[in-house]
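Trainee: Below are the sequence and a predicted model for it; my questions follow.
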Amino acid sequence: MERSIRFYDVSLRDGNHALKHQLSAEFVAAYAALSGKTSTWALEVGHGNGLGGSSHLVGKSAETDQNLLESARAFLPNSQLAVHVIPGFATIDRDIQPAVDVGVDVFRIASHASEATVCQTHIEYLSNLPVEVHGVLMMSHTVTIAQLVEQAKILLEFGATAIVFMDSAGHYRPSDVGERVRALRSETAVDVGFHAHNNLGLAVQNAIAAIESGASIVDVSSRGLGAGAGNVPFELLALALGMDETAPEEFSGVLALADLVSSNFPQFLPQISPSSIRSGLLGVFSGYAPQVEKLSEEFGVSAAKIWASVAARKLVAGQESMLREIAQDLQNL
Amino acid sequence: MDKKIKVAILGTGNIGSDLAERLLASDDFELVAVAGRRPESSGLARLRSRVSLVSSSGIDGFRDCWDSIQGVFDATSAKDHLMHSLELRKLGKWVIDLTPSKIGKATVPVLADQYPDFGYLTTDVANYSMVTCGGQSSAPVIAAIAEASSEIQEIEISSSISSDSAGPATRRNIDNYVDSTESLARGVARTNKVKSILVLNPAEPPPLMRTTVVARAPGILLEHAKEIVHRYVSKTQDYVPGYELVVEPHFIEQGVLSATVSVEGEGYFLPRHAGNLDIINAAAVEVARRHVALNGRV
């Protein structure tokens, strides 16, 4: 197994989308304690949209960011505690500095793939502190490879030390992922990370493609717990990488995490459904799935039609409030 | 007798240029002077034959014509505005601040009657801040819900704007945007529990600006709230014609109301989808008009 790969566990952040942001501090503590026994490099914790994400727009958190992070910190002595941060949701004073104070080690500052410049203040602020700052480009399939590289360079100029690109819609095939990793690797000197969604059932294959193309940070999630069809199931990627043979103890630790998720959230485990396949093929944000299903019922409009309209209007992440207007317009057609 | 309000504009970027076109098209104003910083500025070039004084020396360019300028619109930068503000105060001129400096009085025309805190000053010297697009677009809905309920316990404002209408200053100061929008919402809703969210969308063709307000107001009656929201929307349309209620107030949970507005710009200089910039300029012009009417300096 390639020891240089850093497993970045998003179960307690992206997974919070699947849990409708109802993650408890107790579960975070239990998960963090088990996670410390695996080869996880960093554990990301928080609301699905990251710090400051709790809102009527996306969903209210059951716990404050502070409580979730403190619980994780207490039981995570050896691996890094990480957060996802979207400027426009999280501010430095209200959200970032308190997270620094709790002892978060890795801050991922994220924007829509073409909007890296909104990250400037947040990245610059954190660059001056003893924490690691990574730049994240979400919905990366909506821009060309050249644009992706250009936006990555903007984040690096602000002070990010690694670039993560996200397949937020679960739209990529393995070759798409490989091309992008290679482009980022050859045009920048930093570590590249990849975050998959499993809408088309390709998350593990895409993660392998990323690793084979030179990605050194891979986002994983126990049982794939994450928005829409979920992320890369940690246990399946570990298996695909042969960890059951090369690192059996670590692998059993990963399986224990999967057990913990399975037994606590049997009804929330992500599934690849016709709806997730449609949204993946259309390239629309996975996180909208629960609202789309709900509005489909309320307005008597098929989910397929809503997804198509979301795609036609090119919504980005964070535009949940547009979904109602879309359903309403479809009903009035 | 000439009753026009004589004004000047500082800054000829997108906002300043749109303001200039707006004022030149208005019967109520006479645009006496505009000043920029760069002699080669395309904004200045566009106005050279249409405004009697066009200067590239910034505020100093107005020194010989202060007698004919009643007030100034400042569309430069927050930093420049600090100096301009002091200078204008000495000269006894009112100023409408379109920068994010926040040193002026946060003002929203539709609130003026009910909320003196966000209304007009009865002094000749005045500095009015136009807050943010999220603030200008959400305030009418928040005020309506406040009027329709006994108490607002929580407010959330989420706005989406087209990427091309979010300039470098907005992007660099996104926290500032959030803070200013929340501060206005706190004042209107009279609650400390407020949250503002801003999302940039790069879609082509660019989408219209949208703002969704969510309010926790236990006991509020839906039909009553709808009626008042419609009234406020219509009052806002008096000075922002492209302001529209696109999702009617509805409950998202018990006692929690949500409504969405969109803003289409008038297209003076800025593209029509840039309703976020348009609503700021529309408010600025309305504030100038009302300030002068109140203080009788025409």
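Mentor: Okay, I see it. Residues are numbered from 1 along each chain as shown, chains lettered A, B, ... in the order given.
Trainee: Enumerate every residue touching the nearest residue to residue A:224 once chain neighbours are set aside.
Mentor: Excluding the flanking residues, the one nearest residue A:224 by Cβ to Cβ, 6 or more residues apart in numbering or on different chains is residue A:230, at 3.4 Å. Using the backbone N, CA and C atoms, a C-beta is placed for each residue, glycine as well. Listed by Cβ atoms under 8 Å, 6 or more residues apart in numbering or on different chains, the contact set of residue A:230 reads A:18, A:197-198, A:203, A:221, A:223-224, A:269-271.
Trainee: do residue B:137 as well
Mentor: By Cβ under 8 Å, 6+ apart, the neighbours of residue B:137 are B:159, B:209, B:211, B:243, B:261, B:263, B:275-276, B:279.
Trainee: so of those residues, which ones are in helices?
Mentor: Among those, the ones falling in helices (DSSP state H) are B:275-276, B:279.
Trainee: JSON lines please, covering the contacts of residue A:230 and showing secondary structure and pLDDT.
Mentor: Shown next, in JSON lines, are those (DSSP: H, G, I helix; E, B strand; the rest coil; pLDDT from 0 to 100):
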{"residue": "A:18", "secondary structure": "helix", "pLDDT": "96"}
{"residue": "A:197", "secondary structure": "coil", "pLDDT": "98"}
{"residue": "A:198", "secondary structure": "coil", "pLDDT": "98"}
{"residue": "A:203", "secondary structure": "helix", "pLDDT": "98"}
{"residue": "A:221", "secondary structure": "strand", "pLDDT": "98"}
{"residue": "A:223", "secondary structure": "helix", "pLDDT": "98"}
{"residue": "A:224", "secondary structure": "helix", "pLDDT": "98"}
{"residue": "A:269", "secondary structure": "coil", "pLDDT": "97"}
{"residue": "A:270", "secondary structure": "coil", "pLDDT": "96"}
{"residue": "A:271", "secondary structure": "coil", "pLDDT": "95"}
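Trainee: Ramachandran coordinates for residue B:76?
Mentor: Dihedral angles of residue B:76 (phi, psi; degrees, to the nearest 10) stand at phi -90, psi -110.
Trainee: Name the nearest residue to it, sequence neighbours excluded.
Mentor: Residue B:76's closest residue in space is residue B:11 (Cβ to Cβ, 6+ apart), at 4.0 Å.
Trainee: who's in contact with stretch A:90-103?
Mentor: So stretch A:90-103 is contacted by A:50-53, A:65-66, A:69-70, A:73, A:81, A:83, A:85, A:107, A:121-122, A:125-126, A:129, A:131, B:175, B:178-179 (Cβ under 8 Å, 6+ apart).
Trainee: repeat that for 7 Å
Mentor: A:50-52, A:65-66, A:69-70, A:73, A:81, A:83, A:85, A:121-122, A:125, A:129, A:131, B:175, B:178 (Cβ atoms under 7 Å, 6 or more residues apart in numbering or on different chains).
Trainee: Equivalent analysis for stretch A:67-87, please.
Mentor: A:8, A:13, A:23, A:25, A:28-29, A:32-33, A:35-36, A:40-46, A:49-51, A:96, A:99, A:102-111, A:118-119, A:122, B:174.
Trainee: give me that answer again for 6 Å
Mentor: A:13, A:25, A:28-29, A:32-33, A:36, A:40, A:42-46, A:49-51, A:99, A:102-110, A:118-119, A:122, B:174 (Cβ atoms under 6 Å, 6 or more residues apart in numbering or on different chains).
Trainee: Any buried residues in that stretch, and which?
Mentor: A:68-73, A:75-76, A:79-87 (16 or more other Cβ atoms under 10 Å in any protein chain shown).
Trainee: Filter the residues you listed down to just the ones in helices.
Mentor: A:68-73.
Trainee: coming back round to it: mind picking the two most distant members of the contacts of residue B:137?
Mentor: B:159 and B:243 (13.3 Å; Cβ to Cβ).
Trainee: For the stretch 101-250 of chain A, what lies in contact range of chain B?
Mentor: Proximity of the stretch 101-250 of chain A to chain B (Cβ under 6 Å from any Cβ of the partner chain) is limited to residues A:114-115, A:117-118, A:120-121.
Trainee: quick one: contacts for residue 208?
Mentor: In the absence of a named chain, chain A is used. By Cβ under 6 Å, 6+ apart, the residues touching residue A:208 are residue A:240.
Trainee: wrong chain, I was asking about chain B
Mentor: Residues in contact with residue B:208 (Cβ under 6 Å, 6+ apart) are B:262, B:264, B:273, B:275.
Trainee: Quick check: closest non-adjacent residue to it.
Mentor: Counting by Cβ to Cβ, 6+ apart, residue B:208 lies nearest to residue B:262, which is 4.6 Å off, once chain neighbours are set aside.
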